[in-house]
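Trainee: structure for this input, please:
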Amino acid sequence: MEVNKIYNIDCLAFMKTLPDKCIDLVVTDPPYEFTTGGGLVGKDRDYVNKLRDLDCLTFNPTEFLNILKPKMKIFNGYFFCNKKLIKEYLQFAEDNNFMFDVLVMAKDNPIPAYRGHHLSDLEYIIFIRDNGSYFNQDGKYFDDFRKFYLTQSKQGLHPAEKPLGIVTRYIRLSSKENDIVFDPYLGCGTTAVACIQNKRNYIGCEISPEYCKIAQDRIKSISNPLF
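Mentor: Just a heads-up that it's a prediction; the model follows:
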C-alpha cells in the first residue's frame, strides 16, 4: 500500500488487497441509487446520462461497508448518499453498534423535477463512527460542527463533484495531521486536494482513466502543496 497515490482500479477489488486496520478516516461519495422521472429534459437529462455512463446510478452500500470495515483502525467515515440509501447505511451502523449522524448538503440548483413531490435539493451524508474514533474538539473552525452545508452553483470537473469546503470540513473534524484518509470513489480528486491542504495523507481509487488523470493533474497544479 502506497499513500498519497491515486489507484486507477475498481475500489472493491483494491480494498480487498489492503492490510487490516490501515485507514484512519473515509470521506467518499459513492454511487447513489437513482431513478429518473419527473419529465427530465435538456441539461438535466444530460446530467443523469453522464452519471449513468460513469455507473453512478446504482450501489450496494452493505457490500461496500463490510469490505471496508476491517481495513479501518477504528470505523470512522462520511458517506454521501441520497434518501433512498439512508436506511442501508443506518442499518449497517445499527448492526455493528456504531454511532451515526445524518448530515445534509443543500443544493441551490437542484434538478427541476417536482411532479408530485418536493424538489430533490438535498443530499445526505451519513457519518458512522465507532467508540474511540477521533473527533476534533478545539472549536477553531466553528462552522465545521454544523450539520447543514449550502452549496452554490458551479460547473465542476465531475458531474457528481462535491465542494472542497464540505470535504475539508469532515477531514478537519475527524482526522489528525498525518492520518491516512481513504476515498474509494475519488472522482476528480477533491478529497486528495483537501488532504494535501490540511497535512493529511490520502489514498484514492478512481475506476475511470479519464477522471483519474484529471485528479492527478489537479493535484499537480496545487500551489505550494504541503507534501
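
Trainee: which SS state does Gln152 fall under?
Mentor: Following DSSP: H, G, I helix; E, B strand; the rest coil, Gln152 is assigned to coil.

Trainee: quick one, what contacts Ser133?
Mentor: 74-76, 174 (CB atoms under 8 Å, 6 or more residues apart in numbering). In short, each C-beta sits where N, CA and C put it, glycine included.

Trainee: in stretch 16-24, what's buried?
Mentor: 18, 23-24 (16 or more other CB atoms under 10 Å).

Trainee: so how many other residues sit close to Thr28?
Mentor: Neighbourhood size, Thr28 [other CB atoms under 10 Å]: 23.

Trainee: from here on, count from 30
Mentor: All right, first residue 30 from here; so that's Thr57.

Trainee: and it, bridged to which residues?
Mentor: Taking DSSP bridges as the rule, Thr57 bridges to Phe108.

Trainee: pretty sure it contacts Pro213?
Mentor: Yes. Using CB atoms under 8 Å, Thr57 is in contact with Pro213, at 5.5 Å.

Trainee: relative to Ile157, which of the contacts of Ser162 is nearest.
Mentor: Phe104 (6.5 Å; CB to CB).

Trainee: give the full set of residues in contact with the residue nearest to the closest one when sequence neighbours are not counted.
Mentor: In space, not counting the residues next to it along the chain, Phe104 is nearest to Asp159; the distance is 4.2 Å by CB to CB, 6 or more residues apart in numbering. Neighbouring residues of Asp159 by CB under 8 Å, 6+ apart: 103-105, 125, 127-128.

Trainee: got the CA positions of stretch 140-159 in PDB?
Mentor: Presented in PDB, the C-alpha positions along stretch 140-159 are these (Å, rounded to 0.1, in the frame of the first residue of the first chain):
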ATOM      1  CA  ILE A 140     -32.800  19.200 -10.900                       C
ATOM      2  CA  PRO A 141     -36.200  20.900 -11.500                       C
ATOM      3  CA  ALA A 142     -38.200  17.700 -11.200                       C
ATOM      4  CA  TYR A 143     -41.100  18.200  -8.800                       C
ATOM      5  CA  ARG A 144     -44.100  16.300 -10.100                       C
ATOM      6  CA  GLY A 145     -45.900  15.000  -7.000                       C
ATOM      7  CA  HIS A 146     -43.000  15.600  -4.700                       C
ATOM      8  CA  HIS A 147     -40.700  18.300  -3.300                       C
ATOM      9  CA  LEU A 148     -37.500  19.200  -5.100                       C
ATOM     10  CA  SER A 149     -34.600  16.800  -4.800                       C
ATOM     11  CA  ASP A 150     -32.500  19.600  -3.400                       C
ATOM     12  CA  LEU A 151     -30.900  17.700  -0.500                       C
ATOM     13  CA  GLU A 152     -28.100  15.200  -0.500                       C
ATOM     14  CA  TYR A 153     -27.300  13.400   2.700                       C
ATOM     15  CA  ILE A 154     -24.000  12.500   4.400                       C
ATOM     16  CA  ILE A 155     -24.100   9.600   6.800                       C
ATOM     17  CA  PHE A 156     -21.500   9.900   9.500                       C
ATOM     18  CA  ILE A 157     -20.700   6.500  11.000                       C
ATOM     19  CA  ARG A 158     -18.100   6.000  13.800                       C
ATOM     20  CA  ASP A 159     -17.100   3.500  16.400                       C
END
